[in-house]
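Asks: here's my sequence, what's the structure:
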Amino acid sequence: MAKLNEKQRIFAFVGGGVLLCMLACGGAYWASGLVDEKKLAIENDEKAIQAAEAKIDRIIDLEKDVIVLRENVDAYTQILPDESEVNNFVRTTNVFATKSGVRIDSFLKGAEGKRGKYKHYSYRLQLQGTLWEFLEFVNLFENHPRFVRVVSFSVKPADNEEIDRAAAQGQDPVHTYTLVVETYVYGERGSSGGVEIPKYEQRCRELRDRIAQERRLLPLENYQLSEVVGRRDIFVDPRPRVGGLGQSDNPRGRQLKTVRDYQERIGQLVELHGRWKEEHNYLLQQRLEHQLVEQLETIDREVGERSDTITDAALHAEWTQTVLTPVRDMLREVEGREREPANRIGVEQIEALVAEMRALVERGEFEAAISKHDEMRERLAFTEDDPRFAAAVGAEKLRLAVEAALDFSGIQMDIRGVVVFEEGRRGLLLNGRVYEEGDYVQDDLLLATVRQEEAEFVFRGFRLAKKW
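Replies: Numbering: from 1, shown residues only. Below you'll find the predicted structure:
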């Protein structure tokens, strides 16, 4: 091989150096990339380690929660019956029927099913009873310690003949109901599956206070159905029908209620009559006598008007003996006593009384106006041929008007607007219902006229306006 001259050796030396530098730079670059990859891998491993350590820290709390839930799973699912209780469901339903008074005509078990960990059972019941008996029957299921759900129900109301027959006997009508109910059974109760927790029994003893506290906090709410006096059967048409004895316009039950109501009022009058007879203080005796006479005259007028409505033979005899006779006897005794004349009042005084009452009314002091009249009421009793009779009647009418206005102001009226019908008639959206002009809102309250911002009512014979 030919020897290199000096110039060639220099070039070869320089070229070799350049090549070595290039190789060194490439190696350094490759090593730098490798280092970066290792650093990134180390950072990812550190993050994974931190996440794992955080999970490990939470395992203790999670284990505590799992132990509490496992120990209380029976308490959480106690509202769900077990298989034996489902088999006794018919017996439980019959007990509820006996308590509520309904009669079960048929009891059919529906198809069974399963939803996840729960088995479900359904039943179709057909029963008969009054509205209140049915509500109590459903309420017993509502307060049953095991879960029962009412899926659906339907009602076949009693017909008019059955309603009239029940009313004549003083009873509520019996309706027919179809009721579908269902319940569930928890299928996993008592299972031992799940992740094993080390030293489980020891951990349970350590958490016994928390387990007991969680069990006490389980809500098991009840609702007791309360009877509302005067509440009507919503499945019975409230409109009276024309009929004779025992029909819905004058049933025996209504007659019986009238007799009992007045017997209670007579008992109060007998008590007042006894206090009047035993009182030795003259002024107190006069005050009691005034109350007794006023109440006796009022009730005597009422029972005279109602006597014709007591058509049942047995009730009419009881009405005469316990209501009519005591009232007439007490009236005769009180009116037979000698009393000093109290009608020493002139027309001018009566007119002054009326003026004072009107002034009180204008100031909105209705009760004071009534009291002012009551103070002189005993002195305002005159015969028709007395010249003071007309003025006394005027004062009495004013008192009645004030009393009507006072009671009218206490009637709950939620007026939401005026309704105009196609025929031009007007109505009022009152207490959630629409009343036309001429409709009765209640027995003694008639809607007379509807205007843009007020309505005029007839209440106890007086015309009164209500603005909104």
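
Asks: rest of the way, CA atoms for contacts and neighbours
Replies: Noted.

Asks: can you map out the helices along the stretch 351-468 of the chain?
Replies: Along the stretch 351-468 of the chain, counting by DSSP state H, counting those that start in this stretch, helices occupy 366-376, 389-409.

Asks: for Val90, which of the ones you listed is the nearest?
Replies: Smallest distance to Val90 across the helices of the stretch 351-468 of the chain (Cα to Cα): 53.6 Å, for helix 389-409.

Asks: which residues are contacting the closest one?
Replies: Helix 389-409 has contacts (Cα atoms under 8 Å, 6 or more residues apart in numbering) with 347, 350-351, 353-354, 361, 366-367, 369-370, 373, 380-384, 459-460, 462, 464.

Asks: ChimeraX command for the buried members of the residues you listed?
Replies: Those of the contacts of helix 389-409 that count as buried under 16 or more other Cα atoms under 10 Å are selected in ChimeraX with:
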select :350,353,354,361,366,369,370,373,380,459,460,464
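
Asks: now, which of the contacts of helix 389-409 lie within strands?
Replies: In this view, the contacts of helix 389-409 that belong to strands under DSSP state E are 459, 462, 464.

Asks: show me what contacts the first one?
Replies: Okay, so that is Phe459. Contact analysis of Phe459 by Cα under 8 Å, 6+ apart lists 404, 408, 444-446.

Asks: so what's it bridging to?
Replies: For Phe459, the beta-bridge partners under DSSP bridges are Leu445, Phe462.

Asks: pLDDT on stretch 20-29, on average?
Replies: Over the span of stretch 20-29, the pLDDT mean works out to 66.

Asks: and stretch 396-409, by the same measure?
Replies: Here the average pLDDT along stretch 396-409 is 84.

Asks: buried stuff in that stretch?
Replies: Across stretch 396-409, burial judged by 16+ other Cα under 10 Å covers 396, 398-406, 408.

Asks: again, but for stretch 446-461
Replies: Residues of stretch 446-461 classed as buried: 446-450, 454-460 (neighbour count, 16+ other Cα under 10 Å).

Asks: secondary structure class for Leu225?
Replies: What DSSP: H, G, I helix; E, B strand; the rest coil gives for Leu225 is coil.

Asks: show the pLDDT at it.
Replies: What the model reports for Leu225 is a pLDDT of 71.

Asks: show me the contacts for it.
Replies: 135-136, 139.

Asks: before we move on, what about Ser371?
Replies: Ser371 makes contact with no residue, according to Cα under 8 Å, 6+ apart.

Asks: against Lys397, how distant is it?
Replies: Ser371 sits 14 Å away from Lys397, going by Cα to Cα, to the nearest Å.

Asks: cool, and Leu447?
Replies: 22 Å.

Asks: repeat that for Gln263.
Replies: 30 Å.

Asks: and for Ala405?
Replies: 12 Å.

Asks: do Gln255 as well
Replies: Using Cα to Cα, we find Gln255 at a distance of 32 Å from Lys397.

Asks: again with Arg433
Replies: 33 Å.

Asks: now the strands for this structure?
Replies: 103-109, 113-115, 118-129, 149-156, 175-186, 415-420, 426-430, 433-436, 440-442, 445-450, 454-459, 462-467.

Asks: Gln321: which of those strands is closest?
Replies: Each of those has some distance to Gln321 by Cα to Cα; the shortest is strand 440-442, at 33.1 Å.

Asks: report all helices and strands that the closest one contacts.
Replies: Using 3 or more Cα pairs under 8 Å, 6 or more residues apart in numbering; DSSP states H and E, the elements in contact with strand 440-442 are strand 445-450.

Asks: output the strand it packs on as PDB, restricted to C-alpha atoms.
Replies: The C-alpha trace of strand 445-450 is given here as PDB (Å, rounded to 0.1, in the frame of the first residue of the first chain):
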ATOM      1  CA  LEU A 445    -124.800  32.900  50.900                       C
ATOM      2  CA  LEU A 446    -126.000  33.700  47.400                       C
ATOM      3  CA  LEU A 447    -123.900  35.300  44.600                       C
ATOM      4  CA  ALA A 448    -126.100  38.000  43.300                       C
ATOM      5  CA  THR A 449    -124.100  40.300  41.000                       C
ATOM      6  CA  VAL A 450    -120.500  40.100  39.600                       C
END
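
Asks: between that strand and strand 415-420, how big is the angle?
Replies: 60 degrees (axes from the mean of the first three to the mean of the last three Cα atoms, to 10 degrees).

Asks: in the stretch 201-350 of the chain, which spans are helices?
Replies: Counting by DSSP H, counting those that start in this stretch, the stretch 201-350 of the chain has helices at residues 208-216, 252-278, 282-306, 313-319, 325-335, 347-362.

Asks: by mean pLDDT, show me the worst of these.
Replies: Lowest mean pLDDT within the helices of the stretch 201-350 of the chain: helix 208-216, at a mean of 70.

Asks: and the helices in the stretch 51-200 of the chain?
Replies: Using DSSP H, counting those that start in this stretch, the helices of the stretch 51-200 of the chain run over residues 83-87, 89-100, 131-142, 160-168, 200-206.

Asks: what mean pLDDT does the shortest one have?
Replies: It refers to helix 83-87. Helix 83-87 carries an average pLDDT of 54.

Asks: give me the neighbour count for the residue nearest to Lys109 when sequence neighbours are not counted.
Replies: Once flanking residues are discounted, Lys109 sits nearest to Tyr123: 4.5 Å by Cα to Cα, 6 or more residues apart in numbering. Residues near Tyr123, counting by other Cα atoms under 10 Å, number 19.

Asks: going forward, count from 7.
Replies: New numbering, starting at 7: the last item is Tyr129.

Asks: double-check Tyr129 against Thr184; I have them as touching.
Replies: No: Tyr129 is beyond contact range of Thr184, at 10.6 Å (criterion: Cα atoms under 8 Å).
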